[in-house]
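Enquirer: mind looking at a prediction? Sequence and model below.
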Amino acid sequence: MGGTAMTQVTVKHLWKEYHDQVVLENVNLHVDDHEFVTIVGASGCGKTTFLKMLLGIERPSRGTFLIDGQPLPTEPGPDRGIVFQRYSLFPHLTVMKNLLLGLEMRDSRVFGKLFGAARRRAVERARELLDAVGLQAAADKYPAQLSGGMQQRLSIAQSVICEPKILLLDEPFGALDPGITADMHTLILKLWNMNKMTIFMVTHDLKESFALGTRLLVFDKVRVDPQSPEAYGATITFNIPLKGHRSSI
Amino acid sequence: MRRLINRRPGRGMAASLSMLPFILVVCAYLYYSHARLLENPGDKLLPAPTTIAATVHRFAFEEDERSGAYLFWTDTRASLQRLLVALSISALGGLCLGLAIGVLPYLRAAVAPFVAAVSLIPPLAILPILFIVVGLGEVAKVTLIVVGVAPIIVRDLAMRTAELPSEQIIKAQTLGASTWQLVIRVVLPQMWPRLIDALRLSLGSAWLFLIAAEAIASTEGLGYRIFLVRRYLAMDVILPYVAWITVLAFTMDWLLRMLRAKAFAWAAPQ
């Protein structure tokens, strides 16, 4: 999937409202294939809402939101991977089985488990990815036995194993020690280049957003009514191409 | 002087301390039994340990004159069979329905309030209905336990299922999981240890309903025997039976706890 199909995301005059509260207003955006989009903005500025729409768990109130010219799916699917800050690993499965799960569910619709030669091929593929994220030694451990950094490595590996067109990262390194984040940046850029996917990453770290992205989006409120802070929503106030960074890494 | 909350017993000390209440109870029993028997050798309320031992021997190792059965063991078998059948039905049904309610919003909307209402019916209040509808046989007793235990297991597992982090459920969908795959690969495996917890908590009420049903209509069983000999103030039978029921209940709880620790090591508390 990843390399052959071009993935484009187009957003036109997008609004998101809950009752009287406007979260996003008049968002316009075009993202090309294999971009690394970093999203920053103050808390409550609709960054995560935007990511949730891409994921398929929130619907736009008005406007157009297209992936490859198709309207957004109404539920999460295998073409859009996600890495949350926490809790997205399966605690009852070892590291290896956490990785295998995606392949097993794709190839075995009834049992969700692979056997024999098919399983050996899947294990082979999972091992390659474990090596790539540096978890080969922990293959038989349970997630609770891993450090926070290792858990996030696994979570990232897990979401790319089925080669999604789009990878969504919701503050994936926010809960990690600052010392580990440099390693994680190298890792995510490596996987991004290996899989040729489009990445959307919400972050609090401005430096990180410049270091990783090919495009930086800043979400902010243009209009503020002090009497009624929820009357106006946020929009993309800056859309900065960072083309130089792709080749430099 | 360290605070009391920071002073902890060592292993040997903890073991001795845990035995202490048991020893105290036994000592108190022996003392009062002895005192009463001195006053009135025919006293039935606190029989001497030798009397109890003789009675246990008669019930467990001698054939009953009338039926030719070893009463202690036929009672035990009858009660355990009722209990295990009822608990198996409750566990399996509770797991399936609870999990389905937790996973499927439409089923939750349709069934959850009903289950909540049913779980509030005092099971003993509908025991007469059970006797009228299904008769006085085994089915009524098993049904009483199921009616008392299953709704609580259903509600507990529905809650535990709904408590799974939404991140996990969403992640599974981004890995291509269908509803069915989500259930068998993500939700069900995580619910087994929760089911064991729910079963352990419901053991107490299961025994309660078992003994209540046996007391009212039965011809064998631990609860039946206790209520039968009550007429003769036969404390030498009642006391060992109660102790035996406690041992059985404790053993079942212990087995479930071991099963959880061995089979679901990943779910061990951190």
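Expert: In hand now; what should we look at? These figures come from a predicted structure and were not determined experimentally.
Enquirer: residue contacts, the residue nearest to residue B:64 when sequence neighbours are not counted?
Expert: Leaving aside its chain neighbours, residue B:64 sits nearest to residue B:71 (5.2 Å; criterion: CB to CB, 6 or more residues apart in numbering or on different chains). Any C-beta I mention is one placed from the backbone N, CA and C, and that applies to glycine too. Neighbouring residues of residue B:71 by CB atoms under 8 Å, 6 or more residues apart in numbering or on different chains: B:59, B:64, B:220, B:225.
Enquirer: farthest-apart pair in those, please.
Expert: B:59 and B:220 (12.4 Å; CB to CB).
Enquirer: residues from chain A in reach of chain B?
Expert: A:55, A:57, A:75-78, A:80-82, A:84, A:86-93, A:101-102, A:104-106, A:109-113, A:142, A:144, A:155, A:158-159, A:162, A:164 (CB under 8 Å from any CB of the partner chain).
Enquirer: so which residues of chain A form helices?
Expert: A:47-55, A:95-107, A:116-133, A:148-160, A:178-195, A:206-212, A:244-248 (DSSP state H).
Enquirer: send the alpha carbons of the fifth one over as PDB?
Expert: Presented in PDB, the C-alpha positions along helix A:178-195 are these (Å, rounded to 0.1, in the frame of the first residue of the first chain):
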ATOM      1  CA  PRO A 178      13.800  14.200  27.500                       C
ATOM      2  CA  GLY A 179      16.900  12.000  27.100                       C
ATOM      3  CA  ILE A 180      14.900   9.400  25.100                       C
ATOM      4  CA  THR A 181      13.100  11.700  22.700                       C
ATOM      5  CA  ALA A 182      16.200  12.100  20.400                       C
ATOM      6  CA  ASP A 183      16.300   8.300  19.900                       C
ATOM      7  CA  MET A 184      12.500   8.300  19.200                       C
ATOM      8  CA  HIS A 185      12.900  11.100  16.600                       C
ATOM      9  CA  THR A 186      15.500   9.100  14.800                       C
ATOM     10  CA  LEU A 187      13.200   6.000  14.900                       C
ATOM     11  CA  ILE A 188      10.100   7.700  13.700                       C
ATOM     12  CA  LEU A 189      12.000   9.400  10.800                       C
ATOM     13  CA  LYS A 190      13.500   6.000   9.800                       C
ATOM     14  CA  LEU A 191      10.000   4.300   9.800                       C
ATOM     15  CA  TRP A 192       8.600   7.300   7.900                       C
ATOM     16  CA  ASN A 193      11.200   6.900   5.100                       C
ATOM     17  CA  MET A 194      10.900   3.100   5.100                       C
ATOM     18  CA  ASN A 195       7.100   3.000   4.800                       C
END
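Enquirer: by contact count, what packs against it?
Expert: helix A:116-133, helix A:148-160, strand A:166-170, helix A:206-212 (3 or more CB pairs under 8 Å, 6 or more residues apart in numbering or on different chains; DSSP states H and E).
Enquirer: so where's chain A shaky on pLDDT?
Expert: A:1-5, A:243-249 (pLDDT under 70).
Enquirer: residues near the closest residue to residue B:263 other than its chain neighbours, how many?
Expert: Excluding the flanking residues, the one nearest residue B:263 by CB to CB, 6+ apart is residue B:192, at 7.5 Å. Residue B:192 has 15 neighbouring residues, counting by other CB atoms under 10 Å in any protein chain shown.
Enquirer: hang on, isn't residue A:47 packed against residue A:202?
Expert: Yes. If you go by CB atoms under 8 Å, residue A:47 and residue A:202 touch, sitting 4.7 Å apart.
Enquirer: shared neighbours, these two?
Expert: By CB under 8 Å, 6+ apart, the residues touching both residue A:47 and residue A:202 are A:39-40.
Enquirer: what's near enough to touch residue 47?
Expert: I'll assume chain A. Taking CB under 8 Å, 6+ apart, we find residue A:47 in contact with A:39-41, A:202, A:219.
Enquirer: that answer is for a different chain, and I need it for chain B
Expert: Residue B:47 touches B:33, B:55, B:235-236, B:239, counting by CB under 8 Å, 6+ apart.
Enquirer: list only buried entries from the residues of chain A next to chain B.
Expert: Neighbour counting by 16 or more other CB atoms under 10 Å in any protein chain shown classes A:55, A:57, A:76-78, A:80-82, A:84, A:86-93, A:101-102, A:104-106, A:112-113, A:142, A:155, A:158-159, A:162, A:164 among those as buried.
Enquirer: ok so, going back, distance of the residue nearest to residue B:64 from chain A?
Expert: Distance, residue B:71 to chain A, using CB to the nearest CB, to the nearest Å: 46 Å.
Enquirer: now the helices and strands packed on helix A:178-195 in TSV, with distance to residue A:182?
Expert: Listed next are these as TSV, based on distance: least, CB to CB, whole Å:
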stretch	distance to residue A:182
helix A:116-133	15
helix A:148-160	11
strand A:166-170	16
helix A:206-212	9
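Enquirer: skipping its backbone neighbours, what lies nearest residue B:100 in space?
Expert: residue B:107 (5.4 Å).
Enquirer: quick one: list the elements packing against the helix or strand hosting that neighbour.
Expert: Counting by DSSP states H and E, the element that carries residue B:107 is helix B:105-118. On a contact count with 3+ CB pairs under 8 Å, 6+ apart, helix B:105-118 meets helix B:71-103, helix B:138-163.
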